[in-house]
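S.K.: quick one, what's the 3D model for this:
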Amino acid sequence: MQIQTDRNQKEIKIHGTYGFPVRVSHERLSNYERRSFMWHWHTELEWTYVLEGQIRYQVNEQVHELKPGQGLLCNSNMLHTGHPVNDEDCHYVSITFHPRLLEGYKNSFLKEKYADRIVENPSIPCLALTTSGQWQNHILTSLQKIEYLYSHQKEESDFDFQIYLLLMDIWRIVCRHVGKTEDNPADAKNMDRLKQILTYIHGHYQEKITLDDIASEVSICPSECCRFFKKHMKESLFDYLLNYRIEQSLDFLSCGNGTITEAAIQCGFSSPSYFSRVFREKMGYSPREYLKLSQ
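M.R.: Just a heads-up that it's a prediction; the model follows:
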């Protein structure tokens with residue numbers, strides 16, 4: 001499987017319900033194609049708590065390697081991706097919740113004093129938690145409790161209320177210990193530019209794309225475009241485009257409605273032989289072997 005997104009790379013998934021916008025789920029990197037989840041973003045905040053294995057979690061340009069017992073908060077609307085460490089699987093809990101859970105009611109003091117200064121601050125893309133501090137350990141313990149409630153006590157009548165109280169207590173601690181970082185307009189501008197580049201790639205990956213095309217889309221010179229993308233994504237534009245085209249070809253091949261040649265053409269490769277070579281480099285086996293596996 002892979003995370004489903006729109007052309008702007010926003011995840012297409014309902015996280016909980018409107019009345020209780022919280023979703024708790026057990027995840028494994030091995031469940032994703034290529035053992036990693038692709039770049040995406042969503043309005044909800046997301047806590048990740050690692051149970052087994054390790055994950056290299058990247059939010060914007062920040063990279064954190066999380067071990068069992070460690071966690072991370074990905075802020076609202078931040079691009080993020082996850083990859084295995086040493087090619088090992090990782091089992092983790094994902095807890096997503098909408099910012100309105102923190103706000104109480106429109107224009108409340110909770111929203112203005114405790115929610116917006118973190119949720120709407122692009123200078124705080126994430127918060128990584130180790131076991132080195134007392135307040136971090138308190139949050140990690142609360143995440144464990146949420147996971148236990150989800151796994152063992154979902155039938156209790158106040159199951160959702162207990163989770164709500166734990167999330168509010170966690171947020172109280174976050175607000176107390178995360179400093180008042182000044183909102184940097186450059187961070188928001190960089191995020192918008194990055195999303196604009198990704199949107200262009202995702203909308204034109206089936207065509208021939210040049211560096212000049214992408215740079216022109218965001219009104220910067222080609223060399224600056226390369227530097228900017230590499231800084232924030234930790235990979236080159238060319239590598240990202242190849243990886244994205246391969247990701248799209250997996251869905252095409254899995255459906256079984258076309259040939260390998262058609263998959264190559266549909267996903268923007270200049271020839272079936274080039275597609276097969278890149279596919280083997282990225283996946284470890286040929287498109288034909290993948291077809292047999294998917295069947």
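
S.K.: what about the spatially closest residue to residue 80 that is not a sequence neighbour, how many residues nearby?
M.R.: Of all residues not flanking residue 80 in the chain, residue 59 sits nearest, at 4.6 Å (Cβ to Cβ, 6 or more residues apart in numbering). Quick note: C-beta positions are derived from backbone N, CA and C, even for glycine. By the measure other Cβ atoms under 10 Å, the count of residues near residue 59 is 22.

S.K.: is residue 59 in contact with residue 122, as I believe?
M.R.: No - the criterion here is Cβ atoms under 8 Å, and residue 59 misses it with residue 122 at 11.2 Å.

S.K.: residues shared between the contacts of these two?
M.R.: When contacts are counted by Cβ atoms under 8 Å, 6 or more residues apart in numbering, residue 59 and residue 122 are jointly contacted by residue 78.

S.K.: correct me, but residue 222 touches residue 213?
M.R.: No - with contact defined as Cβ under 8 Å, residue 222 does not reach residue 213; the gap is 9.7 Å.

S.K.: name the helix or strand for residue 191, please.
M.R.: Using DSSP states H and E, residue 191 maps to helix 185-204.

S.K.: please apply the same query to residue 144.
M.R.: Judged by DSSP H and E, residue 144 forms part of helix 134-152.

S.K.: again with residue 248
M.R.: Using DSSP H and E, residue 248 maps to helix 237-255.

S.K.: got a pLDDT number for the residue lying closest to residue 74 once chain neighbours are set aside?
M.R.: Take residue 74 and drop its neighbours on the chain: the residue closest to it by Cβ to Cβ, 6+ apart is residue 46, 4.5 Å away. pLDDT for residue 46: 97.

S.K.: likewise for residue 118?
M.R.: 90.

S.K.: for residue 231, same thing?
M.R.: Residue 231 is given a pLDDT of 87.

S.K.: that one reaches residue 63, doesn't it?
M.R.: No - the pair residue 231 and residue 63 does not pass the contact test of Cβ under 8 Å, sitting 12.0 Å apart.

S.K.: residue contacts, residue 53?
M.R.: Residue 53 is in contact with 29, 68, 84, 85, 88, 89, 90, 91, counting by Cβ under 8 Å, 6+ apart.

S.K.: quick check, pLDDT for it.
M.R.: You'll see residue 53 listed with a pLDDT of 96.

S.K.: quick check: which element contains residue 101?
M.R.: helix 100-103.

S.K.: then residue 106?
M.R.: Here residue 106 is assigned to no helix or strand, by DSSP H and E.

S.K.: so for it, what's the pLDDT?
M.R.: On the pLDDT scale, residue 106 gets 72.

S.K.: tell me how far it lies from residue 115.
M.R.: Going from residue 106 to residue 115 by Cβ to Cβ, to the nearest Å gives 12 Å.

S.K.: now residue 59
M.R.: From residue 59 across to residue 115, the span is 19 Å (Cβ to Cβ).

S.K.: check the offset of whatever helix or strand residue 273 lives in from the chain's centre.
M.R.: Using DSSP H and E, residue 273 maps to helix 272-283. Computed by Cα atoms, centre = their mean, to the nearest Å, the chain-centroid distance of helix 272-283 equals 25 Å.

S.K.: show me what the helix or strand that that helix is followed by is packed against.
M.R.: As assigned by DSSP H and E, the chain's next helix or strand after helix 272-283 is helix 287-294. Judged by 3 or more Cβ pairs under 8 Å, 6 or more residues apart in numbering; DSSP states H and E, helix 287-294 is in contact with helix 237-255, helix 260-266, helix 272-283.

S.K.: can you rerun that using 6 Å?
M.R.: helix 237-255 (3 or more Cβ pairs under 6 Å, 6 or more residues apart in numbering; DSSP states H and E).

S.K.: just the residues contacting the helix holding residue 248, thanks.
M.R.: Contacting residues not belonging to helix 237-255 are listed as 33, 201, 205, 226, 229, 263, 266-268, 278, 282, 290-291, 294 [Cβ atoms under 6 Å, 6 or more residues apart in numbering].

S.K.: adding distance to residue 186 and neighbour count, write these out as TSV.
M.R.: Below are the contacts of helix 237-255 laid out as TSV (distance: Cβ to Cβ, whole Å; neighbours: other Cβ atoms under 10 Å):
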residue	distance to residue 186	neighbour count
33	35	18
201	23	22
205	28	17
226	19	17
229	16	25
263	40	26
266	38	16
267	35	22
268	32	20
278	35	19
282	34	15
290	42	21
291	46	15
294	44	12
